[in-house]
Structures are given as C-alpha cells and as structure tokens.
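Trainee: Sharing a sequence plus its predicted fold:
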Amino acid sequence: MKKIASFSVDHNKIGKGMYISRVDGDVITYDVRMKKPNANDYIPYAAAHTIEHLFATFARNSDVQDKVIYVGPMGCRTGFYFLTRDEVSKTEAIKTVLDAMRFISDFSGEIPGTSSEECGNYLEHDLNGAKLIAEDMAGVLENWTEDMLEYKK
Ligand SMILES: [Zn+2]
C-alpha cells in the first residue's frame, strides 16, 4: 500500500500550531497540533475526550457550524483534526479553533454529552486537564495567520 500524505511530513520538525494536512475536493483537513510530536508529552486520554466533546460542541454551534465536517482527536494524542468545507476561509477556520480553545479554557459546569446514553465512555473525562491544554493552545493560536498553516517539508 502507498504511504499516505500525512505520514510524509517529518513529524520531528512539527511544533504546536495549526496546519493544513490535506485538501480533498472542497474539504480542508486542519491539524490542530497541541503537543510537539515525539517529545514525551501527550494529551492524556481523559483530557482529549473532554476536549473532543467541548471542541465539537463549540464548532457545531459556531458561525461556520453547517460547514464543519468533523472534529476529533489524533490517535498519537498530539492534537486534533478539524475538517471544514473550503467555503470557510482559512482565517475563519483559525478563529473558530482559537475561539473553541478559549471556550474550553473558560468552561465550567457539566461537560456536554456525558451521560451513558450519549457517550461510549462517559466516565473518562478530565475537565481541568482539558482546560489547561486549551489555554496553552489558545496562546499558541493567538497570533496564528494563514501563511503559517503550511507544513514545512
Ligand atoms: Zn464521549
């Protein structure tokens, strides 16, 4: 089988940030990289799970809600995938993720979708852990611009 595009980027050269990993027709896949790859610091499962619930809830209530395809964690636990239609400008995509990180870092109360009916592992959540990572990521994305979205090969 051929090597897929996302394995062709040298992960040792990637830092925290937001990058375009692929474009398929009118769908853009953004990598929201919250941890530096292979640096012995990964998003713990429970925090990733909470970020997923809050990030997806925010994105699907945002100005671009109808153009969000998917929000979900990377298996390597260094970040999240964020997929949108290309009608969402790159600047809007960055702003949506930045606003989502601020929403998570300020969040208090009950995490959405955390009953056993709504979630496949409803007890495995960590709001405080999620908030710390989101706060860190909001700092990273605060001054992120379109020209920073490209992975350096
Ligand atoms: Zn869940």
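Mentor: The structure has been received and is ready for your questions.
Trainee: Please make it C-alpha for all contacts and neighbour counts, starting now.
Mentor: OK.
Trainee: Now name the helix or strand holding the residue nearest to the spatial centre of the chain.
Mentor: Nearest to the mean C-alpha position of the chain, by Cα atoms, centre = their mean, lies residue 80 at 3.3 Å. Using DSSP states H and E, residue 80 sits within strand 79-85.
Trainee: And for that strand, what's in contact with it?
Mentor: 26-35, 43, 67-74, 93 (Cα atoms under 8 Å, 6 or more residues apart in numbering).
Trainee: Which of the residues you listed are buried? Put it as a PyMOL command.
Mentor: Filtering the contacts of strand 79-85 down to the buried ones (16 or more other Cα atoms under 10 Å) takes a single PyMOL command:
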select buried, resi 27+28+29+30+31+32+33+34+35+43+67+68+71+72+73+93
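Trainee: List the ones among the contacts of strand 79-85 that fall in helices.
Mentor: The members of the contacts of strand 79-85 that map onto helices under DSSP state H are residue 93.
Trainee: Might you list the low-confidence residue ranges for this structure?
Mentor: Across the chain, the ranges flagged by pLDDT under 70 are 153.
Trainee: Please enumerate the strands of it.
Mentor: Counting by DSSP state E, the chain has strands at residues 17-24, 27-33, 68-73, 79-85.
Trainee: now those strands in CSV, with distance to residue 59?
Mentor: CSV is the format used below for the strands of the chain (distance: least, Cα to Cα, whole Å):
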stretch, distance to residue 59
strand 17-24, 16
strand 27-33, 13
strand 68-73, 7
strand 79-85, 9
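Trainee: mind listing what's buried in the strand holding residue 80?
Mentor: 79-85.
Trainee: CA-only coordinates of stretch 81-97 in PDB, if you can.
Mentor: Presented in PDB, the C-alpha positions along stretch 81-97 are these (Å, rounded to 0.1, in the frame of the first residue of the first chain):
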ATOM      1  CA  TYR A  81      -8.300  17.000  13.300                       C
ATOM      2  CA  PHE A  82     -10.600  19.800  12.200                       C
ATOM      3  CA  LEU A  83     -12.300  19.400   8.900                       C
ATOM      4  CA  THR A  84     -14.300  22.100   7.100                       C
ATOM      5  CA  ARG A  85     -15.700  22.900   3.700                       C
ATOM      6  CA  ASP A  86     -13.500  25.300   1.800                       C
ATOM      7  CA  GLU A  87     -16.200  28.000   2.000                       C
ATOM      8  CA  VAL A  88     -14.800  28.600   5.500                       C
ATOM      9  CA  SER A  89     -11.900  30.900   4.900                       C
ATOM     10  CA  LYS A  90      -8.600  29.900   6.400                       C
ATOM     11  CA  THR A  91      -8.700  33.000   8.700                       C
ATOM     12  CA  GLU A  92     -12.200  31.900   9.800                       C
ATOM     13  CA  ALA A  93     -11.000  28.400  10.500                       C
ATOM     14  CA  ILE A  94      -8.200  29.700  12.700                       C
ATOM     15  CA  LYS A  95     -10.600  32.000  14.500                       C
ATOM     16  CA  THR A  96     -13.000  29.200  15.100                       C
ATOM     17  CA  VAL A  97     -10.300  27.000  16.600                       C
END
